[in-house]
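Undergrad: Have a look; sequence and predicted model below, questions after that.
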Amino acid sequence: MSKKTIVFTGGGTAGHVTPNIAIINELDQEKWDIKYIGSKQGIEKELIEKINVPYYGIRSGKLRRYIDFENLVDMFRVVKGTHEARRVLKKLKPDLVFSKGGFVSVPVIIAAKSLRIPIFIHESDMTPGLANKISQHFSTKIFTSFEETKQYFPAAKTTVIGSPIRKGILTGSPEEGRKFLGFHSAKPILTIMGGSLGARRINEAVRESLDNLTKSYQIVHLCGKNNLDSDLEGREGYFQFEYVNEELADILAATNLVITRGGSNAIFEFLALQIPMIIIPLTRKQSRGDQILNAQSFEEKGFALKLEEEDLTAESLAEALDQVNEKRSTYVEKMKASGQGSALDVLVREIDNIQR
Ligand SMILES: CC(=O)N[C@H]1[C@@H](OP(=O)(O)OP(=O)(O)OC[C@H]2O[C@@H](n3ccc(=O)[nH]c3=O)[C@H](O)[C@@H]2O)O[C@H](CO)[C@@H](O)[C@@H]1O
């Protein structure tokens, strides 16, 4: 049997890449030739090259909602990127293009459509990002993480499946996690994840409260690139990293509580691991507000407590931690009952069934 070819795309932040990696790891390599198209220097390049999938870099512009000179330059880059993507796709002749969204995916989708290649897209957030808003018109099938997202896409080709979580993240060992961190089991572990790029305001609030927080917790702080604080190196009960890869599963297995941004992948991972969470979403000033809606949805379902960044102080953070700790078992029960977990298998099945 000859192999089929699949091209993945998506990038800009890790949130548009880690679900693709989850799927890639589950596909049967005997059946599929796997390739990736991303931007020339986005985070996706590093993450995909690490797993040894052939990577093709194209030009990609930021998609802005307003018109200005930069926007025109970006439009030019999207057109250029589309030409580049078309050239790669013509050579690879894939049976399917799978997109996780992000700016770079738009030229790839347009090029794939022009070559009549079937396209699947997955939307992780409650409301679609601009890339997927555009891509929906060209796609064959659309999958979503949130039930609430269905309404934004054509019903006939949309299926709610949840979030395709990397299997490896679910099988960490708490002992290994503690060993790696040099932490013990007598005090709970609080992990802080500021999204794949870090979160300055959360980093500040945590560091301001460190004396207080380390009284009750051992702290793992995933603070994002260039955000390490050298003054805090070697501090007892506090461990900071820019970004962790393989070790994350063990760290999360050892974690009792998280403080997180409202990025969809991260919060669905914590849900699957049933770790109670405080979500501090990106504000409307810094984003389109998607994380606020993600956080609201999780709070309504009883999976998380939402704390708005505008209300974030050392005191409100301590209060939020107390509240979640007090109702810990209720959060865990709700998460247990949510029945998340099959999205990855659904996607692998749908991909395997594609016919050209
Ligand atoms: C700033 C921005 O645009 N954020 C968006 C981006 O988030 P962002 O890329 O920050 O993403 P997510 O929280 O969705 O995903 C982050 C991923 O990186 C992993 N991770 C993180 C830190 C670390 O040290 N190691 C590690 O492996 C997490 O486990 C997770 O799988 O995409 C998400 C999904 O569309 C959106 O919901 C977010 O609004």
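TA: Right, received. Where do you want to start?
Undergrad: Which residues of the stretch 201-350 of the chain lie near the ligand?
TA: Residues of the stretch 201-350 of the chain lying near the ligand by C-beta under 6 Å from any ligand atom: 222, 243-244, 248, 263-266, 269, 282, 290-291. Quick note: C-beta positions are derived from backbone N, CA and C, even for glycine.
Undergrad: And the furthest pair within the residues you listed?
TA: Across those, the longest distance by C-beta to C-beta is 24.3 Å; it joins V244 and D290.
Undergrad: Looking at the two, which one has more neighbours?
TA: D290 (20 against 15; other C-beta atoms under 10 Å).
Undergrad: Can you tell me the closest non-neighbouring residue to the more buried one?
TA: The spatial neighbour of D290 that comes closest, neighbours along the chain excluded (C-beta to C-beta, 6 or more residues apart in numbering), is D125 at 4.3 Å.
Undergrad: list the contacts for the closest residue to the ligand within the stretch 251-356 of the chain?
TA: Across the stretch 251-356 of the chain, no residue is closer to the ligand than G263, which sits at 2.1 Å (C-beta to the nearest ligand atom). Each residue near G263 by C-beta atoms under 8 Å, 6 or more residues apart in numbering is listed here: 13, 15, 195-196, 291, 294.
Undergrad: now swap in G289 and tell me
TA: So G289 contacts 282-283 (C-beta under 8 Å, 6+ apart).
Undergrad: Then the one 3 residues further on?
TA: With contacts defined as C-beta under 8 Å, 6+ apart, I292 is in contact with 262, 281-284, 308.
Undergrad: can you rerun that using 10 Å?
TA: Listed by C-beta atoms under 10 Å, 6 or more residues apart in numbering, the contact set of I292 reads 126, 262, 279, 281-284, 306, 308-309.
Undergrad: just I24 next, same as before
TA: With C-beta under 10 Å, 6+ apart, I24 has these contacts: 6, 8, 32, 34, 36, 48, 51, 53, 98, 166.
Undergrad: The strand or helix carrying the second one pairs with which strands, and in what direction?
TA: Applying DSSP states H and E as the criterion places F8 in strand 4-9. Applying DSSP bridges to the sheet, strand 4-9 is found paired with strand 32-39 (parallel), strand 96-99 (parallel).
Undergrad: Could I get the average pLDDT for it?
TA: In this model, strand 4-9 has a mean pLDDT of 98.
Undergrad: For burial, what's the neighbour tally of whichever residue of the stretch 101-250 of the chain sits closest to the ligand?
TA: Of all residues in the stretch 101-250 of the chain, G195 sits closest to the ligand, at 3.1 Å by C-beta to the nearest ligand atom. By other C-beta under 10 Å, 22 other residues sit near G195.
Undergrad: I'd say it and R261 touch.
TA: Yes. Under the criterion of C-beta atoms under 10 Å, G195 makes contact with R261 at 3.8 Å.
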